[in-house]
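# Kindly generate the corresponding structure for this input.
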Amino acid sequence: MAVFDFTEAVSFVGRTVLVELAWDDEPGSFWHCVFVAGVVFSVPGVYEHPHFMVFPVGSKPSFPRELMWSDIKTIAPMGRALRVR
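Sure thing, here's the model as predicted:
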């Protein structure tokens, strides 16, 4: 499971990231490009599943999806492209 501290997790909010997801019952991993709209932290004894609230890039769902930290293998913020003449 990916583990983020408060500062690191919040730094992804408002950014587009490339994320590699992996599950124990799947032989491979899957890459997705998503926009991070929010973060939900675990609260001991109340809610134990931290996750990001994301929108997939290239689609326009009405509501964000949960991206569980336990599924994240790799996460990389997308950089700003510079126009070169």
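# In the protein, where is pLDDT below threshold?
1, 80-85 (pLDDT under 70).
# start to end distance for stretch 3-13?
End-to-end span of stretch 3-13 (Cα to Cα, to the nearest Å): 16 Å.
# Check the offset of it from the chain's centre.
Relative to the centre of its chain, stretch 3-13 is centred 10 Å away, using Cα atoms, centre = their mean, to the nearest Å.
# buried residues in it?
In terms of neighbour count (16 or more other Cβ atoms under 10 Å), stretch 3-13 has its buried residues at 4, 9, 12. Yep, even glycine has a C-beta here, placed from its N, CA and C like the rest.
# any chance of those residues in JSON lines, plus distance to His51?
Shown next, in JSON lines, are the buried residues of stretch 3-13 (distance: Cβ to Cβ, whole Å):
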{"residue": "Phe4", "distance to His51": "11"}
{"residue": "Ala9", "distance to His51": "10"}
{"residue": "Phe12", "distance to His51": "12"}
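# now, which of these lie within helices?
Of the positions in the buried residues of stretch 3-13, Ala9 sit in helices, assigned by DSSP state H.
# with the buried residues of stretch 3-13 in mind, which one is nearest to Ser70?
Phe4 (12.0 Å; Cβ to Cβ).
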